[in-house]
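Peer 1: return atomic coordinates for the entry below.
(chains A and B)
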Amino acid sequence: NAGVTQTPKFQVLKTGQSMTLQCAQDMNHNSMYWYRQDPGMGLRLIYYSASEGTTDKGEVPNGYNVSRLNKREFSLRLESAAPSQTSVYFCASSEQYSNQPQHFGDGTRLSIL
Amino acid sequence: GNSVTQMEGPVTLSEEAFLTINCTYTATGYPSLFWYVQYPGEGLQLLLKATKADDKGSNKGFEATYRKETTSFHLEKGSVQVSDSAVYFCALSDGDFGNEKLTFGTGTRLTIIP
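Peer 2: Predicted structure coming up:
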């Protein structure tokens, strides 16, 4: 039961470097999401994709880009990393109804020096 | 816009104590309500949900009732165990089809002492 798989689990970057966080789900879900989790702030939505080929901004999209590569995969890219982007990043997926729960990966712990 | 307000933590209880974590919400429509749990080093897992007023969600001894009149969804458990130590998030989803975004509370860290 893989569910939602995120890679890498940990990453340390220097300011200005770029990287892509990968996410894949095997539940045939249409909707996928990227969140960041910071102490005392809960989870905040960065971007989401309601279906293959569509993406929309969430609450905190600045400094990030996303790609919905196919139905399974949804990647998050930091073009020029900044210390303020140090966080834990979670990918999630769900069926396309608001009464259905989201399924989360185990997260990527990202530190920007 | 939508918002979720959770009881601030951290909360520390002794094993077998009664637990309540308060959650209230503001939403423009008719949201679905969720409690998620996050164990150390892991992602969030759905604990329970309720999709309409007066529904009661339950799982693993936890319960929460959707109260539209008080816009609340408080989490309760009659007798907590050490294994319940985790961070608990209240959330709502109030989207149209294709817009099922979750709004989260800030989370409540629960520690159970043997």
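Peer 1: how about residue 28, what does it touch?
Peer 2: Reading this off chain A. residue A:71 (Cβ atoms under 8 Å, 6 or more residues apart in numbering or on different chains). All C-beta spots, glycine's among them, are computed from the backbone N, C-alpha and C.
Peer 1: um, chain B though
Peer 2: Neighbouring residues of residue B:28 by Cβ under 8 Å, 6+ apart: B:1-2, B:94.
Peer 1: wait, a helix at it?
Peer 2: No - secondary structure of residue B:28 (DSSP: H, G, I helix; E, B strand; the rest coil): coil, not part of a helix.
Peer 1: what's stretch B:55-69 in contact with?
Peer 2: Applying Cβ under 8 Å, 6+ apart, the set of residues contacting stretch B:55-69 from outside is B:23, B:33, B:35, B:47-54, B:73-79.
Peer 1: what bridges to whichever residue of chain A sits closest to chain B?
Peer 2: Minimum separation of chain A from chain B (Cβ to the nearest Cβ) falls at residue A:104, amounting to 3.6 Å. For residue A:104, the beta-bridge partners under DSSP bridges are residue A:92.
Peer 1: picking up where we left off before, just the buried residues of the contacts of stretch B:55-69.
Peer 2: B:23, B:33, B:35, B:47-51, B:73-75, B:77 (16 or more other Cβ atoms under 10 Å in any protein chain shown).
Peer 1: which of the residues you listed scores worst on pLDDT?
Peer 2: Across the buried ones among the contacts of stretch B:55-69, the smallest pLDDT goes to residue B:51, namely 89.
Peer 1: how near is that one to residue B:105?
Peer 2: 18 Å (Cβ to Cβ, to the nearest Å).
Peer 1: centre-most residue in chain A?
Peer 2: residue A:34 (2.8 Å; Cα atoms, centre = their mean).
Peer 1: wait, that residue touches residue A:87, no?
Peer 2: No - with contact defined as Cβ atoms under 8 Å, residue A:34 does not reach residue A:87; the gap is 11.0 Å.
Peer 1: ok, and the closest non-adjacent residue to residue B:39?
Peer 2: Using Cβ to Cβ, 6 or more residues apart in numbering or on different chains and skipping the chain neighbours, the partner closest in space to residue B:39 is residue B:86 (4.9 Å).
Peer 1: okay, now that neighbour: neighbour count?
Peer 2: Burial of residue B:86 is recorded as 21 neighbouring residues (other Cβ atoms under 10 Å in any protein chain shown).
Peer 1: secondary structure element for residue A:59?
Peer 2: If you go by DSSP states H and E, residue A:59 is not part of any helix or strand.
Peer 1: number of nearby residues for it?
Peer 2: Residues near residue A:59, counting by other Cβ under 10 Å: 14.
Peer 1: likewise residue A:6?
Peer 2: Counted by other Cβ under 10 Å, the residues lying close to residue A:6 total 22.
Peer 1: mind listing what it touches?
Peer 2: Contact analysis of residue A:6 by Cβ under 8 Å, 6+ apart lists A:21-23, A:89-91, A:105-108.
Peer 1: from those, keep the buried residues only.
Peer 2: A:21-23, A:89-91, A:105-108.
Peer 1: inside strands: which ones of these?
Peer 2: A:21-23, A:89-91, A:108 (DSSP state E).
Peer 1: was I right about residue B:103 contacting residue B:3?
Peer 2: Yes - assessed by Cβ under 8 Å, residue B:103 is found in contact with residue B:3 at 6.5 Å.
Peer 1: those two: which is more packed in?
Peer 2: Comparing residue B:103 with residue B:3 by other Cβ under 10 Å, the one with more neighbours is residue B:103, at 23 against 12.
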